[in-house]
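Engineer: What follows is a predicted structure for the sequence shown.
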Amino acid sequence: MAGAEPNPVHDFRVWTPVYLTAPLGQSITGYMEANPRFSDDASTIDQLLLRPALGYQITPTISLWQGYAWITNYEPGFSQEHRIFQQLIYTRKFSHFKIFSRSRLEERWIEDAVGTSLRARTMLRGDVPLPGLPALSLAAYDEIFVNLNSIRQGPESGFDQNRAFVGFNYQFTSQLNMDMGYQLQIVHTVRSNMVNQANHIILLQIFINL
C-alpha cells in the first residue's frame, strides 16, 4: 500500500495500566483507568491514557458502559486526543475457566485531524487456573481494532491494529489481581508520514475491584 513500508518497524515497550472498579449502586459500577505507556525500548513515555466510565449491570453476565478517554501522545510530537466510547461486556466463570468479551465503539477527536473518527474494537479473553495453584491462571486474549471511516489528516478506514496477549494472572486477594505477560501489537496505517509498526510489549496490568 502507498505510504507503508514493506517490513514493519519493531520496538520494545512497557505498559503499566491500573484499572479501578467500584460499586456505585445496586446495578451501577464506576470505573477509572490510568495507563502510562513507554516506548523506544521502554526508555521514554510516549502515551498516557486516563479513562473513566460508568457501567450498568443488565444481567449477572452482561453489562453496558459509557465512558470518556483523554489521551496525551508524547512521541514523535505532543498531541492530544479525546474520546467518548460505549461498550458491551460479557463475562462468565465456568468450573475450569473464565471468559471475557468486550465490544467497544469509540468516537475520537484527534488534535490536528478534521472530523470525528469512528473506531470499533472487540476483545475475547480466556483465563484457565493452573492445577494446584488456584491463585495463578494462564491468560490469553486477542483484540482487533477497525476504523469505520476516514477523516482528513487522521485515521483511514479499515484495519487499524491488533493486540495479542499471553501471560499469567495472579489473584492476590478477592479485590486485587495482576496480569504479567507479553503482548504483540501490530499497528497499520497508510499515512505517508507513518509506517507499519510491530510493538513487543511487556504488559503489567493491575486490577483493583472494590
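Structural biologist: That came through, no problem. Since the model is a prediction, treat every value here as computed from it, not as a measurement.

Engineer: how close does the residue located most distally from the centre of the chain get to Ile58?
Structural biologist: Going by CA atoms, centre = their mean, the residue of the chain most distant from its centre is Gly132, 30.6 Å out. Going from Gly132 to Ile58 by CB to CB, to the nearest Å gives 36 Å. For the C-beta atoms, the positions are set from N, CA and C on the backbone; glycine is no exception.

Engineer: And Asn169, by the same measure?
Structural biologist: 25 Å.

Engineer: Check Val146 too.
Structural biologist: For Val146 relative to Ile58 (CB to CB), the value is 25 Å.

Engineer: Ile144 now?
Structural biologist: 24 Å.

Engineer: These two - which one has more neighbours?
Structural biologist: Taking other CB atoms under 10 Å, Ile144 and Ile58 do not tie; Ile144 has more neighbours (16 against 13).

Engineer: What ranges does this structure have for its strands?
Structural biologist: 9-15, 18-23, 28-39, 44-57, 62-73, 79-93, 98-110, 117-130, 133-147, 158-173, 176-187, 197-209 (DSSP state E).

Engineer: In CSV: these, plus mean pLDDT.
Structural biologist: Output for the strands of the chain, formatted as CSV (pLDDT from 0 to 100):
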stretch, mean pLDDT
strand 9-15, 95
strand 18-23, 98
strand 28-39, 97
strand 44-57, 96
strand 62-73, 97
strand 79-93, 96
strand 98-110, 97
strand 117-130, 97
strand 133-147, 96
strand 158-173, 96
strand 176-187, 97
strand 197-209, 96
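
Engineer: Thank you, goodbye.
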